[in-house]
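# Prediction below, plus the sequence it came from.
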Amino acid sequence: MEQIAIVGLGLIGGSLGLDLVRQGHSVVGIARRAETAEAALAMGAVTKAGTDLALVAGADVVFICTPIDVTVATAEAIAPYLSEGAVVTDVASVKGEIVPAIAALWPNFVGGHPMAGKAEAGLAVAVAGLFQGRPYVLTPTDTTKPEALERVRAIAASLGANLCQCHPDQHDRAVAWISHLPVMVSSSLILACQGEVDPAIRELAQTLASSGFQDTSRVGGGVPELGTLMARHNRAALLDALTQYQQQLEQLKALIATEDWDALRETLTQAKTARPSYLPAASTQR
Ligand code: NAP
């Protein structure tokens, strides 16, 4: 069993702790607020908790689970307390700027990103099994130590996650497509509906909205702070994706305007055919 430390006990840090404590690891949690530390202990997400960063001393593996914009600062703040040989990893949703910055502070670092989330944030919504069957990306570079990579890989695999490996920049371009663009598209969909000028029609639309709208609006109704941080820290890749999305939408609009129904059906068929390749094999019926 490992001595594990988790810095940042929100949705991701708390969920990770719940799984690791259940596996029998010793898990020290470090929160910003004392209430969070106490709550994590009470719900069994950690075996020891506090607000002092010095608690990372003695940990074999440290998970940084603070928000994207303070991930590097957290690494900087814990570095003086880390045991020699400790492996540090993070869970931030962007990697391109974070991975080289932390690797420069602590060579025994491995970037990571579990692809699992919820519409809300905070420890209160943390759950065991969050990462089960979900992708967990590790983003080693030429300087990443193989032993450190193996250590993090083994823990991520023990969560039941599907491991995947790529370069930090490749990660950011890929998640721009499947995670960051959908947040912007889905929130735009909700706001476009809100743009209906007739209040009676808007109200009727709200009454009629069913499973299709629930699916397509879900990520647009997520945590605004996280969406903003994703855009700020993955700006270039997200702008590229948004530009291509706009072009795609313009093409669809032109087909409808010109009543080119055969071409529209062909386009929708292409989308239907492509969709399963973005979904886990078991969920292609969704
Ligand atoms: P969260 O639920 O809001 O939790 C953030 C945690 O960090 C809280 O424990 C909070 O402490 C602490 N914190 C907040 N601001 C801080 C600051 N300025 N300095 C130090 N600690 C601070 O967030 P989350 O959703 O778990 O996200 C954490 C990380 O996971 C982010 O890097 C995010 O990109 C990544 N991630 C998120 C998702 C997702 O869908 N949510 C998915 C995959 C990866 P207190 O409670 O004590 O205030």
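Cool, the structure landed.

# Arg265 versus the nearest residue to Thr71 once chain neighbours are set aside, what's the distance?
Computed as C-beta to C-beta, 6 or more residues apart in numbering, the closest residue to Thr71 that is not its neighbour in sequence is Ala92, at 4.6 Å. Glycine gets a C-beta too; all of them are placed from N, C-alpha and C. Look at Ala92 and Arg265: by C-beta to C-beta, to the nearest Å, they are 41 Å apart.

# and these two? which has more neighbours close in?
Ala92 (26 against 11; other C-beta atoms under 10 Å).

# What are the buried residues along stretch 126-139?
Ala126, Ala128, Leu130, Phe131, Arg134, Tyr136, Val137, Leu138, Thr139 (16 or more other C-beta atoms under 10 Å).

# actually stretch 157-175, not the one I wrote
Leu159, Ala161, His167, Pro168, His171, Asp172, Arg173, Val175.

# which residues touch the second one?
It stands for Ala161. In this structure, Ala161 makes contact with Pro114, Ala116, Phe131, Gln132, Gly133, Arg134, Pro135, Tyr136, judged by C-beta atoms under 8 Å, 6 or more residues apart in numbering.

# Can you name the helix or strand that the last one falls in?
For Tyr136, the host element (DSSP states H and E) is strand 135-138.

# anything in that strand near the ligand?
No: using C-beta under 6 Å from any ligand atom, strand 135-138 stays clear of the ligand, with a minimum separation of 9.6 Å.

# immediately after that strand, which helix or strand?
Per DSSP H and E, the first helix or strand lying C-terminal to strand 135-138 is helix 146-158.

# Give me the residues contacting that following helix.
Contacts for helix 146-158 (C-beta under 8 Å, 6+ apart): 2, 4, 19-20, 23, 60-61, 87, 89, 108-110, 112, 114, 131, 136, 138, 140, 163.

# Need the buried ones from those selected in ChimeraX.
Entered in ChimeraX, the line below selects the buried ones among these, by 16+ other C-beta under 10 Å:
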select :2,4,19,20,60,61,87,89,108,109,110,112,114,131,136,138,140
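
# Show me the shaky parts of the stretch 151-286 of the chain.
Low-confidence segments of the stretch 151-286 of the chain, defined by pLDDT under 70: 282-286.

# Looking at it, which residue is nearest the ligand?
Leu226 (5.6 Å; C-beta to the nearest ligand atom).

# pLDDT added to the buried residues of stretch 126-139, as a markdown table?
Listed next are the buried residues of stretch 126-139 as a markdown table, based on pLDDT from 0 to 100:
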| residue | pLDDT |
| --- | --- |
| Ala126 | 98 |
| Ala128 | 98 |
| Leu130 | 98 |
| Phe131 | 98 |
| Arg134 | 96 |
| Tyr136 | 98 |
| Val137 | 98 |
| Leu138 | 98 |
| Thr139 | 98 |
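
# could I get these as TSV with distance to Thr243?
Below are the buried residues of stretch 126-139 laid out as TSV (distance: C-beta to C-beta, whole Å):
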residue	distance to Thr243
Ala126	36
Ala128	40
Leu130	33
Phe131	32
Arg134	29
Tyr136	30
Val137	24
Leu138	29
Thr139	25
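
# That'll do, ta.
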